[in-house]
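# Sequence first, then the predicted structure, then my questions.
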Amino acid sequence: MLRAYHPFDVPAEATTLTLSREESFHIVKVLRARSDEKITAFDGRGNSWTGHMLSADPKALEISIETREHIEPPKCKIALAQMLPKGSLTDDIIRAAVEIGLAGFYPILGARSEMKLDSARAEHKLERWRAIAVEACKQSGNPFVPEIFPVASSKEFFAKMKNESAGTLKLTASLEAGTRTCREIENDFRQNPPEKILWLVGPEGDLSPEEYASARAVGFLPARLGNFVLRVPTAALYCLSVADQMRGNLQ
């Protein structure tokens, strides 16, 4: 079944909906869908509408509404604060993270980030990452499009984290000595499950000593990821997989 992004309100009494020009073109011209093909439109907030194409119009594709569905978001959200690695690795991280169930993504220019962005390039990257997140939702069937926050410096990010909800479990993927395992940290929260699990992952070269100190100052707990040093995308997906398993255990 084809899936289309439709981030607009649909009246309860509506019997049809019309996709945007971009979505219509993609389905008709790129995917070459035929009339009467079945499509699910979703708004990225847990609502979806399934029906058949009424016409193969590449500018305004209309579909019937035969079934509606609303899915409640998970009680515990998972989020990733990623100090930006080089090249297109962030694109790959976002795609895979959405498949795991990412709810929020904080892109950070850390002290050791090799990527350099001026304001124009940062805005372009943000638009690209948001588009990648939507495409990953289409591919995976995830009904919730994650929030992709604007690029921030590590100083700006840590300042923001001072006001983060007390219900957020903040974890740092740490290479420092004396860190605890994820299982040990999970056991501490069995009596008071978090509303969100937020991982902070460094770039190539890891967080700087100053960034580790700033993370601890705003409540991030250092956690050990296995026995070996992981590449950035591996570490990010390891963390999110642990978070997904952890929230299941803590519910």
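All right, it came through fine. Numbering: from 1, shown residues only.

# Distance of the nearest residue to A173 once chain neighbours are set aside relative to R231?
Sequence neighbours aside, V201 is the residue nearest to A173 in space, at 4.8 Å (criterion: C-beta to C-beta, 6 or more residues apart in numbering). For glycine as for every other residue, the C-beta is placed from the backbone atoms N, C-alpha and C. Using C-beta to C-beta, to the nearest Å, we find V201 at a distance of 11 Å from R231.

# What mean pLDDT does the longest helix anywhere in the chain get?
Under DSSP state H, the helix in the chain containing the largest number of residues is helix 119-140. Averaging pLDDT along helix 119-140 gives 94.

# and the residue nearest to the spatial centre of the chain, what helix or strand is that in?
Geometric centre of the chain, nearest residue: L102, 3.5 Å, by C-alpha atoms, centre = their mean. Under DSSP states H and E, no helix or strand contains L102.

# rewinding a little: got the buried residues for the longest helix of the chain?
Judged by neighbour count (16 or more other C-beta atoms under 10 Å), helix 119-140 contains these buried residues: A122, K125, L126, W129, R130, I132, A133, V134, A136, C137, K138.

# With stretch 18-27 instead?
Neighbour count says stretch 18-27 has T18, L19, S20, E23, S24, F25, H26, I27 buried, by 16+ other C-beta under 10 Å.

# The residue nearest to the centre of the chain touches P146, doesn't it?
Yes. With contact defined as C-beta atoms under 8 Å, L102 reaches P146; the gap is 4.6 Å.

# list residues touching both of these two?
A79, A133 (C-beta atoms under 8 Å, 6 or more residues apart in numbering).

# quick one: the strands in the stretch 1-150 of the chain?
Using DSSP state E, counting those that start in this stretch, the strands found in the stretch 1-150 of the chain span residues 2-5, 16-18, 38-42, 47-52, 62-64, 67-70, 77-83, 104-109, 147-148.

# Could you point out the helix or strand that follows the helix or strand containing E186?
Using DSSP H and E, E186 falls within helix 182-188. Note on helix 182-188: by DSSP H and E, the next helix or strand toward the C-terminus is strand 196-201.

# what is the mean pLDDT for that following strand?
pLDDT averaged over strand 196-201 gives 96.
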